[in-house]
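J.: Pasting the sequence and the predicted coordinates here, then a few questions.
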Amino acid sequence: MQEPKRRKFVKSALLGALGAPLLSEPGMAMASKLNPADPAAAAVGYVENASKVDAKRFPTYKPGQNCANCSLIMLQYSPYRPCKLFPKNVVNANGWCSAWVKNPLR
């Protein structure tokens with residue numbers, strides 16, 4: 001009679017392990033944080049904190065612009081979010097890059 005309990009436990013454990021990523025925001029479990037030193041990130045001047053933007057290098061930057069209010073960001077409720085520009089990574093919501101485009105909904 002021990003076997004059914006063990007099978008039930010194993011099934012529950014497997015289903016729980018497989019379902020856990022579904023409870024988080026899509027893609028967040030697999031994506032890594034974008035490194036500002038990454039060549040693609042550096043090319044567009046990505047910084048994790050918009051207040052650190054080099055205004056001489058990027059004169060189009062205006063205070064208040066950040067990844068959280070950019071139209072390229074895909075999710076709203078996480079400090080690190082997927083970005084259409086960097087599909088394999090997540091970016092800091094407080095970050096900025098020269099590809100920033102105002103999201104009319106934010």
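T.: Yep, it's here.
J.: Count the neighbours of residue 83 for me.
T.: When counting by other Cβ atoms under 10 Å, one arrives at 23 neighbours for residue 83. C-beta coordinates here come from the backbone N, C-alpha and C atoms, glycine included.
J.: now it, nearest residue through space, not along the chain?
T.: Spatial nearest neighbour of residue 83, excluding adjacent residues (Cβ to Cβ, 6 or more residues apart in numbering): residue 91 at 4.6 Å.
J.: who does the one you found bridge with?
T.: Beta-bridge pairing for residue 91 (DSSP bridges): residue 81.
J.: quick one: buried residues of stretch 69-76?
T.: Across stretch 69-76, burial judged by 16 or more other Cβ atoms under 10 Å covers 69-70, 72-73.
J.: do stretch 96-106 as well
T.: Under 16+ other Cβ under 10 Å, the buried positions of stretch 96-106 are 96-97, 99-100.
J.: tell me the domain boundaries of the protein?
T.: 1-26, 31-106 (automatic domain parsing).
J.: Mean pLDDT added to the ones you listed, as CSV?
T.: As requested, the domains of the chain are exported to CSV (pLDDT from 0 to 100):
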stretch, mean pLDDT
domain 1-26, 51
domain 31-106, 94
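J.: All set now, cheers.
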